[in-house]
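Trainee: Dropping a prediction and its sequence here:
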Amino acid sequence: MSQAQTRSIDVYTGDTVDVTPVDKLSGGGTRIELDVEGGPRWRLDVNSTGNDYDVVTSWNERGELADVEVPAWIDDVLAQLHRV
């Protein structure tokens, strides 16, 4: 996935998640932003294998900075991205 190339992924909850690479990390990973249409948004640092991440920040559905729990489908999304 090249930088600024947004990919839309449909998850099993019926939501569509837009995933945008933000920056390459020095350790080989990538900082990505996940935006649920009409819902919350997360910025994650994902390691180079795509199987581990740290939440950098999150926003609620109103666009306010908030501590929003990462949904259960995140592992499925990261696995799809890693296969690309």
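Mentor: Great, that's in hand. Residues are numbered from 1 along each chain as shown.
Trainee: show me where pLDDT drops low in this structure?
Mentor: 1-4, 84 (pLDDT under 70).
Trainee: Can you pull up the most central residue in it?
Mentor: What sits nearest the mean C-alpha location of the chain, by C-alpha atoms, centre = their mean, is L34, with 3.4 Å.
Trainee: now the closest residue to it other than its chain neighbours, which residues is it bridged with?
Mentor: Counting by C-beta to C-beta, 6 or more residues apart in numbering, L34 lies nearest to W42, which is 4.8 Å off, once chain neighbours are set aside. For the C-beta atoms, the positions are set from N, CA and C on the backbone; glycine is no exception. Assessed by DSSP bridges, W42 has beta-bridge partners L34, S58.
Trainee: show me what contacts W42?
Mentor: By C-beta atoms under 8 Å, 6 or more residues apart in numbering, the residues touching W42 are E33, L34, V55, T57, S58, W59, V68, V70.
Trainee: And for L34?
Mentor: V17, D18, V19, R41, W42, R43, L44, I74, V77.
Trainee: cool, T57 as well?
Mentor: W42, R43, L65.
Trainee: quick check, nearest of those residues to G27?
Mentor: If you rank the contacts of T57 by distance to G27 using C-beta to C-beta, R43 comes first, at 16.6 Å.
Trainee: my guess is the closest one meets I32, correct?
Mentor: Yes: when contacts are counted by C-beta atoms under 8 Å, R43 is listed as touching I32 (7.4 Å).
Trainee: Would you mind telling me which of those two has more residues around it?
Mentor: I32 (22 against 18; other C-beta atoms under 10 Å).
Trainee: Can you say which helix or strand has the more buried one in it?
Mentor: strand 30-36 (DSSP states H and E).
Trainee: one step back: I9: which of the contacts of W42 is nearest?
Mentor: Closest to I9, out of all of these and judged by C-beta to C-beta, is L34, at 8.9 Å.
Trainee: any chance of the contacts of T57 in CSV, with distance to D23 too?
Mentor: Putting these into CSV (distance: C-beta to C-beta, whole Å) gives the following:
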residue, distance to D23
W42, 15
R43, 10
L65, 19
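Trainee: Mark which of the contacts of W42 are buried, thanks.
Mentor: Of the members of the contacts of W42, the ones counted as buried by neighbours, 16 or more other C-beta atoms under 10 Å, are E33, L34, S58, W59, V68.
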